[in-house]
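Peer 1: Return a 3D structure for these sequence lines:
(chains A, B, C and D)
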There are 2 protein chains.
Amino acid sequence: MGRPRTPLLSKDAIAMAALRLVDGTGEFTIAQVADALRVRPSSLYNHVSSKGEIVEAMRSLVFREGGVSREGGLAAGDSGPWEQTVRAMLRRYRECFARHQRLIPLVTAYTVSSPEVMGMYDELAETLRAADVPDGQLLDVITMCDSVVFGAALDLAAPDEVWAVDQARSPALIAAIQQAGSGRQRSDRAFDLALDILVAGIARLADGA
Amino acid sequence: MGRPRTPLLSKDAIAMAALRLVDGTGEFTIAQVADALRVRPSSLYNHVSSKGEIVEAMRSLVFREGGVSREGGLAAGDSGPWEQTVRAMLRRYRECFARHQRLIPLVTAYTVSSPEVMGMYDELAETLRAADVPDGQLLDVITMCDSVVFGAALDLAAPDEVWAVDQARSPALIAAIQQAGSGRQRSDRAFDLALDILVAGIARLADGA
DNA sequence: ACCTGAACACCGTTCAAGT
DNA sequence: ACCTGAACACCGTTCAAGT
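Peer 2: Take a look at the predicted model:
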């Protein structure tokens, strides 16, 4: 066939096709992506150099789609109360992956931080510093925020049977599971509670406790 | 060759060989495991039914090795202050994976909960209930503990370059990165801080705040 | 510059055949 | 019951050949 007059592929097009596959099945294959784009597998290598690069492209795509990389109305310069800023940022961060839950295990495998994520950390750092968190603990707090967001996202991706009653043996855990709601609602509520605890903890640090 | 008089393989032997590979390279292959055990790839299928089952076997092995599944001196019946019990449990949980950091992304892919992990959640639930955390929030708190532990373990597994100064653009983040120590120490300190925040937050819940 | 077709080394898994 | 050898369908990746 030779070269087409206008390119059939692009990195973003590849990422979008792969993301659609991951959303649907939790996995993707070079051959499947090529099929979806009506192209031969080897053609992809004119635009990406490995399967891992496609994963990175998907991560970047998801962040751009969620508006995390943009300098939006919640940027560091915002003069509002830092609690609300932090809550909004972490919520937005989690929301990105809430829409693409099955991507989470894939990006967890590589912990490379794309520029989009770094921009998010920059914002968070500015906000926390403005809230008087000591420099020496800034990175630790950010690490915990990251853990909570990623944990919440993973929790969101997990099938409902994670908390299977029949596996639990203690009365306390059985009661807890029975009180809990269904998948998405429970996960959202758990995240809200985590944000409460996080913000309260940060406030204590800022007060020099 | 035919059947040997005494079996050459067992599930645990396979898991141990695979774990050694993962510890060394972050990956494992059926062929590699077979080679390490001086056996043919197809032989493994007399003891496990898939590659995924080997991952599960590794998870189980790591927990047994770390003593998480045992009913140890820190069991639910312990009458000491709940803060210390919670701290010790989560620390022990994280420690399991600290010794096998590269296993983390693999077990994160499947979120199946083995009996060993469930036993850990049972203990945690009993402790938190005894500490007067309301039933309705028990599972949310457990979810957050899980997030923090897994996040800390992932953080431990990540290469040092996660927080690459040259990627950061804000003064606050650059300062934070420069103040932070090296890999293991920083990660340990971050986890300690997370435990502080976690325990303080739980205490607030228990007080009915 | 960009798509193709053929080829490469490797992958996980199955199963009849051996003892 | 348990290891083997051969086979299967598939995998990611490379590269000379085409336009």
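Peer 1: From DNA strand D, how far off is A:Leu128?
Peer 2: A:Leu128 sits 38 Å away from DNA strand D when distances are taken as Cβ to the nearest atom of the strand, to the nearest Å. (Glycine included, C-beta is placed from N, CA and C.)
Peer 1: In contact with the residue sitting nearest the centre point of chain A, which residues?
Peer 2: Per Cα atoms, centre = their mean, the C-alpha nearest to the average position across chain A is that of A:Phe97, at 4.2 Å. Each residue near A:Phe97 by Cβ atoms under 8 Å, 6 or more residues apart in numbering or on different chains is listed here: A:62, A:103-104, A:153, A:156-157.
Peer 1: got it, and A:Leu154?
Peer 2: Under the criterion of Cβ under 8 Å, 6+ apart, the contact partners of A:Leu154 comprise A:104-105, A:108, B:108, B:111, B:147, B:150.
Peer 1: could you redo the last one with a cut-off of 6 Å?
Peer 2: Taking Cβ atoms under 6 Å, 6 or more residues apart in numbering or on different chains as the definition of contact, the neighbours of A:Leu154 are A:Ile104.
Peer 1: Over to it. Which of the three states is it?
Peer 2: A:Leu154 carries the three-state label helix when classified by DSSP: H, G, I helix; E, B strand; the rest coil.
Peer 1: distance of it from DNA strand C?
Peer 2: 23 Å.
Peer 1: cool, A:Val55 as well?
Peer 2: Distance check for A:Val55 against DNA strand C: by Cβ to the nearest atom of the strand, it reads 18 Å.
Peer 1: Just give me the neighbour total for that residue.
Peer 2: Residues contacting A:Val55 under the criterion other Cβ atoms under 10 Å in any protein chain shown number 21.
Peer 1: With A:Glu65 instead?
Peer 2: For A:Glu65, the tally of surrounding residues (other Cβ under 10 Å) stands at 14.
Peer 1: Checking it next. Helix, strand or coil?
Peer 2: Counting by three-state DSSP, the backbone at A:Glu65 sits in helix.
Peer 1: Name the next helix or strand following the helix or strand containing the residue nearest to the centre of chain A along the chain.
Peer 2: Following DSSP states H and E, the helix or strand that holds A:Phe97 is helix A:82-98. Next along the chain after helix A:82-98, taking DSSP H and E as the criterion, comes helix A:104-109.
Peer 1: List the buried residues of that next one.
Peer 2: Along helix A:104-109, the positions that meet the burial threshold by neighbour count (16 or more other Cβ atoms under 10 Å in any protein chain shown) are A:104-109.
Peer 1: Pull the most distant pair out of those.
Peer 2: Put simply, by Cβ to Cβ the two of the buried residues of helix A:104-109 set farthest apart are A:Ile104 and A:Ala109, 10.0 Å from each other.
Peer 1: By mean pLDDT, flag the weakest helix or strand of chain A.
Peer 2: Lowest on mean pLDDT, DSSP states H and E among the helices and strands of chain A sits helix A:104-109, with a mean of 82.
Peer 1: Run the angle between the next helix or strand along the chain from that helix and helix A:82-98 for me.
Peer 2: Reading on from helix A:104-109 to the C-terminus, the next helix or strand found by DSSP H and E is helix A:115-130. Here helix A:115-130 runs at an angle of 160 degrees relative to helix A:82-98 (axes from the mean of the first three to the mean of the last three Cα atoms, to 10 degrees).
Peer 1: tell me which strands and helices helix A:115-130 is in contact with?
Peer 2: With contacts defined as 3 or more Cβ pairs under 6 Å, 6 or more residues apart in numbering or on different chains; DSSP states H and E, the secondary structure elements packing on helix A:115-130 are helix A:82-98, helix A:135-157, helix B:171-179.
Peer 1: Dump the C-alpha coordinates for the first one into CSV.
Peer 2: The C-alpha atoms that make up helix A:82-98 are tabulated as CSV, following Å, rounded to 0.1, in the frame of the first residue of the first chain:
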residue,chain,number,x,y,z
TRP,A,82,-6.8,25.8,51.5
GLU,A,83,-9.0,23.0,52.8
GLN,A,84,-11.4,23.4,49.9
THR,A,85,-8.7,23.7,47.4
VAL,A,86,-7.0,20.5,48.5
ARG,A,87,-10.3,18.6,48.6
ALA,A,88,-11.2,19.8,45.1
MET,A,89,-7.8,18.9,43.7
LEU,A,90,-7.8,15.4,45.1
ARG,A,91,-11.3,14.9,44.0
ARG,A,92,-10.6,16.0,40.5
TYR,A,93,-7.5,13.7,40.5
ARG,A,94,-9.5,10.7,41.5
GLU,A,95,-12.3,11.5,39.1
CYS,A,96,-9.9,11.1,36.2
PHE,A,97,-9.4,7.5,36.9
ALA,A,98,-13.0,6.9,38.1
